[in-house]
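Undergrad: A predicted structure for the sequence below; I have some questions about it.
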Number of protein chains: 2
Amino acid sequence: MTDESRDAVEAVDSVLVALSDPTRRQLLDLLAVQGEATATTLAERLPVSRQAVVKHLAVLDTAGLVSSSRIGREVRYTVRPAALDATARWMTALAASWDRRLANIRRAAEAAERDSH
Amino acid sequence: MTDESRDAVEAVDSVLVALSDPTRRQLLDLLAVQGEATATTLAERLPVSRQAVVKHLAVLDTAGLVSSSRIGREVRYTVRPAALDATARWMTALAASWDRRLANIRRAAEAAERDSH
DNA sequence: TGGATGTGCAACTACAGAGTTGCACATCGT
DNA sequence: ACGATGTGCAACTCTGTAGTTGCACATCCA
């Protein structure tokens, strides 16, 4: 395995883990709508504490799904589409690969069926 | 929210949860390569017990990522690309939606900047 | 300067789920 | 019929993590 593909797998892994939590997906929704927001204001719109939101945002940041910038005493978070898009492409390619394999196996089975007659 | 979109959200959730585990992704890889396999043979290729594999396959089945069919005393599992493809489309649409929102916000900010002069 | 607001750090609880083992049951081949 | 192989069910352990609370520190503003 190449270094690049290993990194790609790790990147996909972190994105999938990040997206597997419903609260984190809700956070991404809120961020996408507002464009920019702090952990404190996001927590006001969710049934969890600010600290819980901070932890979720850290996970999303590690996955590359959000970025943060400090302005004075505030830390503003923004959504980053690139990581999501890359993972979507990975999934599409994987689905296509499965399709090809299944088609091949079906074709091989039919050929074997013909040969047996 | 419509019934369809609620179902879609639940479907996406189950797929993301299923894919967030590395052992389950490995199982999907093995299944895609072999086309068809039982929990017992899959467990031989993984560092976990058969029962662990069975549980993982149940999760994958609920997410629609695999299907099973009984042949005698064996239960054979196969990969199903449709659910994966649907989730990939959901992610692509979401990334595009984020892009649009970010572009709008950037545009609005520039307009406000112009107006202030 | 001092109160108000926002963030960071640490310790703690609680629950979900990944994994295990043991055994019962069903099915195949001889 | 009987041993071998494959599956199903149940109970259990254990680690990861989502969530909490409390407090200290930094920044804004009046």
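TA: Nice, I can see it. All of these numbers come straight from a predicted model, not from anything done at the bench.
Undergrad: Closest to the centroid, which residue in chain A?
TA: Most central in chain A under Cα atoms, centre = their mean is residue A:15, positioned 3.3 Å from the mean C-alpha point.
Undergrad: ok, and that one, which helix or strand is that part of?
TA: helix A:3-19 (DSSP states H and E).
Undergrad: Kindly report the same for residue A:88.
TA: helix A:81-115.
Undergrad: That helix vs chain B: in contact?
TA: Yes - Helix A:81-115 is in contact with chain B by Cβ under 8 Å from any Cβ of the partner chain, via A:81-82, A:84-85, A:87-89, A:91-92, A:94-99, A:101-102, A:105. From N, CA and C alone the C-beta is placed, and that goes for glycine too.
Undergrad: mean confidence for that helix?
TA: For helix A:81-115, mean pLDDT is 90.
Undergrad: Enumerate the positions of it that are buried.
TA: Within helix A:81-115, the residues that count as buried by 16 or more other Cβ atoms under 10 Å in any protein chain shown are A:81, A:83-88, A:90-92, A:94-95, A:98-99, A:101-102.
Undergrad: next one: stretch A:22-35
TA: So stretch A:22-35, judged by 16+ other Cβ under 10 Å, has buried residues A:24-28, A:30-32, A:34-35.
Undergrad: packing partners for the helix or strand containing residue A:51?
TA: Using DSSP H and E, residue A:51 falls within helix A:50-62. On a contact count with 3 or more Cβ pairs under 8 Å, 6 or more residues apart in numbering or on different chains; DSSP states H and E, helix A:50-62 meets helix A:3-19, helix A:22-34, helix A:39-44, strand A:66-71.
Undergrad: Please name the residues that touch the residue nearest to residue A:45 when sequence neighbours are not counted.
TA: For residue A:45, ignoring the flanking residues on the chain, the nearest one in space by Cβ to Cβ, 6 or more residues apart in numbering or on different chains is residue A:30 at 6.0 Å. Contacts for residue A:30 (Cβ atoms under 8 Å, 6 or more residues apart in numbering or on different chains) come out as A:37, A:42, A:45-46.
Undergrad: and if we set it to 7 Å?
TA: A:37, A:42, A:45 (Cβ atoms under 7 Å, 6 or more residues apart in numbering or on different chains).
Undergrad: give me the number of residues near residue A:73?
TA: Close neighbours of residue A:73, defined as other Cβ atoms under 10 Å in any protein chain shown, add up to 6.
Undergrad: Mind pulling up the pLDDT for it?
TA: 97.
Undergrad: Spit out the contact partners of it.
TA: Contacts of residue A:73 (Cβ under 7 Å, 6+ apart): none.
Undergrad: So it versus residue A:40, what's the distance?
TA: 10 Å (Cβ to Cβ, to the nearest Å).
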